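Chemist: Next one to model:
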Amino acid sequence: MAKKETAMVNRKSDIISAAIEVFAETGYYRATTAQVAARAQISQPYVFKFFATKEALLLNALEVSWTRVVDSFRKVVESAAPEQLERELIEAYEEILAAYQNEVLLQMQAQTIREDAIQEAMRNGYSEVRQIVLEAFRAAGIPNAEERTMLFLARGLLCNISIALDMPELKVF
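Modeler: Now for the predicted structure:
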């Protein structure tokens, strides 16, 4: 990749990272692209060079956050022994919660945004994670794999609430 292309990819990544922070702190509707630009230390027009709308920026930020979870879970599924699978998936998610709290908060907010594209991104993210966990539980011979998958996902959502409300007593993993 040419030096200029690498710089452009890095700058786009910086903008997405800034957007994740701003959206998580301020909320999508109150956040502005000017705030994102300031956080990324660039001009607001430069944000629009990469993202036509604030919604497009949010969708890219959501893609980054879902990709992180999906990649992490796939890595666990590829390497975990069947009897350690669920524990290692839990540990992987706990690491995400600790290191990428703003992405979790962003996803939580996005669940309440009614725009079709955002709802679709959230459905796709949850569906992909559910499918990975369900297939892994089935392959590992975990009894009642569907029910265990739903319980695993429900516990994850409760952990998200625990983080958002600063209520560690809700953390069920």
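Chemist: helices or strands up against the helix or strand of the chain with the lowest mean pLDDT?
Modeler: Lowest on mean pLDDT, DSSP states H and E among the helices and strands of the chain sits helix 3-26, with a mean of 90. With contacts taken as 3 or more CB pairs under 8 Å, 6 or more residues apart in numbering; DSSP states H and E, helix 3-26 sits against helix 33-40, helix 44-50, helix 54-79, helix 101-110. Yep, even glycine has a C-beta here, placed from its N, CA and C like the rest.
Chemist: could those be laid out in CSV, adding mean neighbour count?
Modeler: Output for the helices and strands packed on helix 3-26, formatted as CSV (neighbours: other CB atoms under 10 Å):
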stretch, mean neighbour count
helix 33-40, 19
helix 44-50, 15
helix 54-79, 18
helix 101-110, 20
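Chemist: Of the ones you listed, which is nearest Glu25?
Modeler: helix 101-110 (7.6 Å; CB to CB).
Chemist: can you list contacts of the closest one?
Modeler: 20-21, 23-25, 27-28, 58, 61-62, 64-66, 68, 96-97, 118, 121-122, 125, 160-161, 163-164 (CB atoms under 8 Å, 6 or more residues apart in numbering).
Chemist: Alright, calling it a day.
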